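[1] Any chance you could fold what I've pasted below:
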Amino acid sequence: MGLLDGRHVLITGGGTGIGAAVARALSKEGAKLSLASRRKAPLEAMASELPNTVAIVADITKNTDCTAMAAAANAAHGPIDIVIANAGAASSAPVGQIDLKAWQAAIDVNLTGAFLTVGAALADVTRAPGGRIVFIASTAGLKGYPYVAAYVAAKHGVIGLMKAMSLELASKGVTVNAVCPGYTDTPLVDAAAAKISAKTGRSADDSRAALAKDNAHGRLIAPEEVASTVLWLCSPETASINGQAIAVTGGPL
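    The predicted structure is shown next:
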């Protein structure tokens, strides 16, 4: 028997990186998965790899897409029990060079997208005790980083949203938490390292190593480490873990 046998989990950004690792970890514990993303090919690859998994193409920055996403998930597996709001994106620039379009794009995908995702599934998740909502935030939601002010602001907003929701939903037996990884070995970090390399002339490996130094143990976090934390928060034994922002970064911030 798996920890999540029969539980229906919606994961946004579920085709690559942390989302894919979470999908694999929860699938091993018997979950039925609805994976959503704007990119069709990675989703379909994951859906072909994992049992009881469907791929749903959706843009989480659009309310209509999120509503349709939840409807498609329901059609495939019935009501949603667990939401993993994972989709996100980051770009870098000095704060004085961030124009309104770039600012809004960061807020739209990282904060508004998380809000719309959860909102679309909220009636399902709260229909009975035992529902789980997990936001994949970032250590950027717990402290500042230079050159990513919009991303930092959005992730701080996600932590605030999580804390407010955790208090509202506690009486329903639903927990709401956030997992906050440090620099993680994902395509997002690969893109950041490539940008550093282009600007500084460092090799890609040196650029990745420079990012890894921000983690207390001096290495990049494995996506599977984040997934293990998410799985724990989704398990029945964590019914009293609520309103927490859990850093996965090898040590204290």
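
[2] is it fair to say residue 127 lies in a strand?
    No. Remark: residue 127 does not belong to a strand; assigned using DSSP: H, G, I helix; E, B strand; the rest coil, it is coil.

[3] Can you read off the pLDDT for residue 54?
    We have a pLDDT of 98 for residue 54.

[4] now it, what's its secondary structure?
    With three-state DSSP as the criterion, residue 54 reads strand.

[5] Verify the contact between it and residue 73 for me.
    Yes. Residue 54 is in contact with residue 73 according to C-beta atoms under 8 Å; the separation is 7.3 Å. From N, CA and C alone the C-beta is placed, and that goes for glycine too.

[6] so what's in contact with these two at the same time?
    Residues touching both residue 54 and residue 73 (C-beta atoms under 8 Å, 6 or more residues apart in numbering) are residue 34.

[7] who has more neighbours, those two?
    A count of neighbours by other C-beta atoms under 10 Å puts residue 73 above the other of residue 54 and residue 73, at 27 against 18.

[8] How much space separates the more buried one from residue 185?
    Separation of residue 73 from residue 185 (C-beta to C-beta, to the nearest Å) stands at 28 Å.

[9] Ok, residue 54 next?
    27 Å.

[10] next one: residue 58
    Here the criterion is C-beta to C-beta. By it, residue 58 lies 26 Å from residue 185.

[11] and what of residue 168?
    According to C-beta to C-beta, residue 168 and residue 185 sit 35 Å apart.

[12] who's more crowded, those two?
    Each of residue 168 and residue 185 has its neighbours counted (other C-beta under 10 Å); residue 185 has more, 20 against 12.

[13] and residue 71, what pLDDT?
    pLDDT, residue 71: 98.

[14] next one: phi and psi at it?
    For residue 71, the backbone dihedrals are phi -60, psi -40 (criterion: degrees, to the nearest 10).

[15] Run a quick neighbour tally on it.
    12.

[16] Please renumber the chain so that the first residue is 10 from this point on.
    New numbering, starting at 10: the last item is residue 80.

[17] so how far is residue 131 from it?
    14 Å.

[18] Now do stretch 154-168, average pLDDT.
    97.

[19] Tell me the buried residues in that stretch?
    154, 157-168 (16 or more other C-beta atoms under 10 Å).

[20] Then stretch 175-190?
    Here stretch 175-190 shows 175, 178, 183, 184, 185, 186, 187, 188, 189, 190 as buried, counting by 16+ other C-beta under 10 Å.

[21] could those go into CSV alongside pLDDT?
    Shown next, in CSV, are the buried residues of stretch 175-190 (pLDDT from 0 to 100):
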residue, pLDDT
175, 98
178, 98
183, 98
184, 98
185, 98
186, 98
187, 98
188, 98
189, 98
190, 97
